[in-house]
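# sequence unknown, structure follows:
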């Protein structure tokens, strides 16, 4: 099954009208819609961590306003669109801003996507070196903080 995965905080949108956001995308690409954040859709609303990751891994495109949604989309190299929550304060969305800046993925913001081709064609080839450098920084920080010496 080909589907658009949607995890948007429903309170920020008028749910009956929310499909307008992605209707052309689903219609033109023959995609079903799977909603993770709509309480009335119990099968997907009660999704646990394993299912959440599997939904992202199996989707055609992921529409989200979630930091973790963006992270897993990147790690699984899935096309995603990030929407900013209407109520988002600067501190709440700042980690998403930082992530998109660091990995040069500001093109994934909903307001920056102009064509369907831009949605589905995303080049993740520049991510591995950035991920490696960030992992090294994190490990070095932990080692220093915990006074762990390298065994060379």
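Nice, thanks for sending it over. What you see is a predicted model; the values in this text were computed from it and never measured.
# Distance check, the most centrally placed residue in the chain against residue 58.
Most central in the chain under CA atoms, centre = their mean is residue 70, positioned 2.3 Å from the mean C-alpha point. Remark: distance between residue 70 and residue 58 (CB to CB, to the nearest Å) = 17 Å. Every C-beta, even on glycine, is put in place using the N, C-alpha and C of the backbone.
# hang on, the earlier thing: for the residue nearest to the centre of the chain, give me its contacts.
64, 80, 82, 96, 99-100, 105, 108 (CB atoms under 8 Å, 6 or more residues apart in numbering).
# following the worst-scoring helix or strand of the chain on mean pLDDT, which helix or strand shows up next?
The weakest-scoring helix or strand in the chain, judged by mean pLDDT, DSSP states H and E, is helix 19-29 (a mean of 71). Per DSSP states H and E, the first helix or strand lying C-terminal to helix 19-29 is strand 32-35.
# taking the mean pLDDT, what do you get for that following strand?
Confidence for strand 32-35, expressed as mean pLDDT, is 87.
# So what touches the helix or strand following it?
Sequence order places helix 42-45 as the next helix or strand after strand 32-35, per DSSP H and E. Identification of contacts with helix 42-45 by CB under 8 Å, 6+ apart yields 34-39, 55.
# does residue 68 count as helix, strand or coil?
State at residue 68, reduced to three classes by DSSP: H, G, I helix; E, B strand; the rest coil: helix.
# And the pLDDT at it?
Reported pLDDT for residue 68: 94.
# Validate this expectation: residue 63 resides in a helix.
No. Judged by three-state DSSP, residue 63 forms no part of a helix; its state is strand.
# Dump the contacts of helix 42-45 to CSV, plus neighbour count and distance to residue 145.
CSV is the format used below for the contacts of helix 42-45 (neighbours: other CB atoms under 10 Å; distance: CB to CB, whole Å):
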residue, neighbour count, distance to residue 145
34, 20, 41
35, 21, 41
36, 21, 35
37, 19, 36
38, 17, 41
39, 10, 41
55, 19, 35
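# Closest one to residue 124 out of these, please.
Distances from residue 124 to these, taken as CB to CB, are shortest for residue 55 (18.9 Å).
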